[in-house]
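Novice: can you look at this prediction? I've put the sequence above it.
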Amino acid sequence: MKHPARIVALAVALVVVVLGVVLALNVGNDPEQDAKQSHLVGKAAPAFDLPNLSGGRVTLADVAGKATIVNFWNSWCIPCEQEAPALQQFYAAHKDDSDFAMIGIVRDDATGDVRTYVKDNDVGWTIALDPQNQAALDFATRGQPETYAISPGGTVAAAKYGPMSSGELETFLAAARASE
Amino acid sequence: MIRRWGPWIALGVVVVIALAVVLWPHGDQSSAARAQDLETQLKCPECQGLSVADSQAPTSRAIRSDIKRRIAAGQSDEQIRQAYIDKYGDSILLAPEDSGVSLLVWILPVVVLALGATGIVFALRRNRDEPHLRATDADERLVEREHRVEDTVDG
Amino acid sequence: MKAALGYAAVAFGAGASVVGITALLAGLQLRDAFLLRFGRRCVFGVMLAALAAAGVMEWALLTHDFSLRYVAENNATGTPLLYTITGLWAALEGSILLWAVILGGYLTFVVLKFRKRAADPLVVIATVTGLVVALFFFALMLGPANPFRELATVPVDGRGPNPLLQNHVLMAFHPPILYLGYVGFTVPFMFGIAALVTGRFGEGWLADTRRATLVAWGFLTIGIILGAWWSYEVLGWGGFWAWDPVENASLLPWLTATAFIHSVIVQERRGMLRVWNLSLVIATFCLTILGTFLTRSGVIDSVHAFTQSDIGPWLLAFLGVVAATGIGLVAWRGDLLRAPGRIDSAVSRESAFLANNLLFAALAFVVLLGTVFPLIAEALRGSRLSVGEPYFDRMATPIGLALLFLMAAAPALPWRATSGDVVRHRLLVPAWIGGLTMLAAVILGARGLAEILAYGLGAFATAGIVRQFVLGIRGRRRALGESRAVALGRATRSNPRLYGGLVVHFGVVLIAVVLAASSAYGANRDVKLRKGQSTTVSGYTLTYLGSHTERSDQKTTISADVKVRRGGSVLGTYAPAISTYPNSTEGIGTPSVRTGVVEDVYLTLVSAPASQQVITLGVRINPMIVWLWIGGGFMALGTILALSPRLRRRSRPLRAADAAPEPEPEPHDPEPRAEVSV
């Protein structure tokens, strides 16, 4: 009978080879890639019904039929500050388009601070407040800032976690318009 | 026989009592306990590997409140887990489910341990079946005494 | 200029390795003493090269020379002196440099220690193996992990180290100590390979490397405990172990190394378990390389991961070569490794050690499987899944409890075989203490199964440890009439391995108890507090007094003062904080911990909105944490004791009492007679 050492050696070698192949295949991959992609892309956008700064409500139904950019942010997150100029530029370029809408949803922030920020920075697009984090969770956000593009038919066309550049915003809008 | 095993049987009784108290099925978990359990099972989406229970990230705190809301609304643990899987994908669960490929991660260690234990048992049996010299207890004691005297002399 | 110097040093090191390998092999083949001596000198050359390269890097760091990319990425003019120095190991390339330095040190130690046996093939092959490993690390630094890469345009200021790596003094200790552990396992590995190659797989290579292995194990243990402390005191999430892939990477070699240092006792005693020991030492080394790969290749998501680089394929290839060589050698020598001895009985110390090996191997398998399973799952089904704490806890707990049981019962088992009566007699009192502890825990309210088993087995093990000490002291008092204190001192110094091991085991018991308690108890709450407002958590009253901001070159820190009271007495004012660093977007939280004997009050500043009138305070009550560090201390103490030399033998007159026959023999663990003194 073969010495057990040989059999065990064979078994261990097999395990090591499998492990090696698996690891080799993954070298260079970004481990967070899967986690970073939103699972909502291609699905219907979650409905939301949130208060705005002037005492009214903002709902998903309000923007039905329009290509919408939804941006989750708050007044104290640093990457949000980084993307603020791009957002301003983008809004200024498209605010007069008939089929365009833009909503900024704020969570984890004091209403007073949001009001001050909006006034100081002349934020023109609709701002909705999400103090219960309900919309943030419905959209499966991972933090802020996070931006979604919603098609006129209510489907999520694109999603990104992280500060947006002007180019990316334009791409998002195009995707939203192209989607159903 | 009683003298040999008596104290051990008594110990066994004590241990069984302790285990029985602990394992006795008590009523359903409280909501707080359910929430705590679910929080340890879900991964914080914006952290690397921390559970929702451990993380202070805004998303984690939001999920903690959401779990409490869902429990209050009467959803079952399974429904809540599934809702989050639908939103964030499978990787939101910190412990893989026990179906499909995930089953491997639960079963393989058990298989390895069982194989190893079996191997050892077989090796021991094989050893036992072969004749070999045995020192009697008296021989062992003699050797021990020699060792010990030597040790204490040289202290 | 510095870059050229540093790179030249690295190249010299690589060259010295190659020359050394050639000289030693040729010297062995040709039996040429000059070549052998020359080969040994090359080892010193390797050490000097590594030191020189590290010296150049420190020089560059201290002078803030941003023409070097490594310095520009890990240092800034505002970086405090301590973190400038620790910048040497703050990032990937530097960590490889540190590895090379420590490896050079260990190789020099081996050469010096065995200089009288310079012509011994075992020593020569071992040195060659060590030089091959050194060559690999130098080659890494010549290629993908070059620390001396220059930048085309020199920036005005550097980026500074990662904020997480510059807010605690532990940064100076945790990585070097961890590496002293990892790299130290190269020594027994070298000798294990040499034993297989030369055919001298008796006990010689074990005796030669015993101390080095224990030293490496001790450093790795302390390194892991320091890592847990860092996680707790610095990272601020409230826990000390997250089953993060990098943490697991440090645990894996520790598990196989622990199995190894136990299993070698069997080989020393009875020449058995040779295949196990060789496999364990090779596995330990492979796991240190695997760990290095996992943390530096970006393959797995981790808090700890170094930046991505091309180093992954190299490390993987090296790992493959080492594993193949090891497995091949063991398989080739297979039959010759058969032991002369046999396991006589299932209830013997040998089988306990065998079971110990199996359990540690299973635990290592669990940790390894859980760590890489996300990758396997992705290969099989296209998307990743997560394997986190719930998995590891569920799988590791039963194995851990089984190990605790072995730790308690095995010291009472004699070698070879015995009657059941002997074992039962020895274990009865400790087992009863364990059982009563379980009952007491249940009476006091504990309700977790694993928890009460941990308490019971821990008490069982502690009682066994105390029993061994008592027997040792009593034996000496009877034979030599020493006082208790003197007897204790002399007994431990006569058998440092045994008593050192017992002290380490006691440390393990403490840690096991903390693990059990921390999973069952504790509170975790977030509260919003206005200035002056108080809240109560688990009997502690916390009052937010106010906050203040400090600005420095290095960072801006907002800290909140919180007064902690219990029962009426003030326990102190604690200040959790958030720091922001100029080149990073995130704020890094710093917790403030009130350490108590029974529990810690753990405060974090979750958010401090600009107004600073209202803060969100994170409050955790963590039970028994201080005993983790005390347990770690015992483990370190026990290791030092085990390493200390045996009390020298002096002749003393026998007492009259010795003429009388001795009572029943105690199988405490005397040193093997044929031990080569190390």
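Specialist: Arrived safely.

Novice: can you list the residues of chain B near chain A?
Specialist: By C-beta under 8 Å from any C-beta of the partner chain, the residues of chain B that approach chain A are B:45-46, B:48, B:57-59, B:61-63, B:65-66, B:86-89, B:91, B:119, B:123. Every residue, glycine included, has its C-beta placed from N, CA and C.

Novice: what's near enough to touch the closest residue to C:Val537 other than its chain neighbours?
Specialist: Distance criterion C-beta to C-beta, 6 or more residues apart in numbering or on different chains; nearest residue to C:Val537, sequence neighbours excluded, is C:Val619 at 4.8 Å. Contacts here follow C-beta atoms under 8 Å, 6 or more residues apart in numbering or on different chains; on that basis C:Val619 touches C:523-527, C:535, C:537, C:540, C:542, C:601-603.

Novice: so which of these is the most crowded?
Specialist: With neighbours defined as other C-beta atoms under 10 Å in any protein chain shown, the most crowded of the contacts of C:Val619 is C:Tyr602; it has 27 neighbours.

Novice: so which of the residues of chain B next to chain A are also by chain C?
Specialist: Restricting those to those near chain C by C-beta under 8 Å from any C-beta leaves B:48, B:61, B:89, B:91, B:123.

Novice: okay, who's weakest in those residues by pLDDT?
Specialist: Lowest pLDDT within these is found at B:Gln48 (76).

Novice: quick revisit: quick check on the residues of chain B next to chain A: which are buried?
Specialist: Buried members of the residues of chain B next to chain A, counted by 16 or more other C-beta atoms under 10 Å in any protein chain shown: B:45-46, B:48, B:57-59, B:61-63, B:66, B:87-89, B:91.

Novice: just curious, which of those is nearest to C:Val321?
Specialist: For these, the residue nearest C:Val321 by C-beta to C-beta is B:Gln48; the value is 31.1 Å.

Novice: three-state assignment of that closest one?
Specialist: Three-state assignment for B:Gln48 (DSSP: H, G, I helix; E, B strand; the rest coil): coil.

Novice: count of residues packed around residue 151?
Specialist: Unless you meant another one, I'm taking chain A. 21.

Novice: not quite, go with chain C.
Specialist: By the criterion of other C-beta under 10 Å, C:Leu151 has 15 neighbours.

Novice: wait, it sits on C:Val71?
Specialist: No. Using C-beta atoms under 8 Å, C:Leu151 makes no contact with C:Val71, being 9.3 Å away.

Novice: A:Ser75 - that's part of a helix, no?
Specialist: No. Assigned with three-state DSSP, A:Ser75 falls outside any helix and is coil.

Novice: and it, how many neighbours does it have?
Specialist: Residues contacting A:Ser75 under the criterion other C-beta under 10 Å number 21.

Novice: didn't it look like it was pressed against A:Gly104?
Specialist: No. In this structure A:Ser75 lies outside contact range of A:Gly104 using C-beta under 8 Å: 10.6 Å.

Novice: any common contacting residues for the two?
Specialist: With contacts taken as C-beta under 8 Å, 6+ apart, A:Ser75 and A:Gly104 have no neighbour in common.

Novice: return the nearest residue of chain A with respect to chain B.
Specialist: When scored by C-beta to the nearest C-beta, chain A has A:Asn133 as its residue closest to chain B, at 3.3 Å.

Novice: any idea how far chain C is from that residue?
Specialist: As judged by C-beta to the nearest C-beta, to the nearest Å, A:Asn133 and chain C stand 13 Å apart.

Novice: does residue 102 count as helix, strand or coil?
Specialist: This is for chain A. The three-state label given to A:Met102 by three-state DSSP is strand.

Novice: now do the contacts for the residue lying closest to C:Ala410 once chain neighbours are set aside.
Specialist: Nearest residue to C:Ala410 in three dimensions, chain neighbours excluded: C:Ala352, at 3.8 Å (C-beta to C-beta, 6+ apart). C:Ala352 makes contact with C:406, C:409-410, C:413 under the criterion C-beta under 8 Å, 6+ apart.

Novice: can you do 10 Å?
Specialist: Taking C-beta atoms under 10 Å, 6 or more residues apart in numbering or on different chains, we find C:Ala352 in contact with C:262, C:266, C:346, C:406-407, C:409-413.

Novice: any chance of the buried ones among the residues of chain B next to chain A in TSV with secondary structure as columns?
Specialist: Formatted as TSV, these follow (three-state DSSP):
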residue	secondary structure
B:Pro45	coil
B:Glu46	coil
B:Gln48	coil
B:Ala57	coil
B:Pro58	helix
B:Thr59	helix
B:Arg61	helix
B:Ala62	helix
B:Ile63	helix
B:Asp66	helix
B:Lys87	helix
B:Tyr88	helix
B:Gly89	coil
B:Ser91	helix
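
Novice: thank you kindly, that will do.
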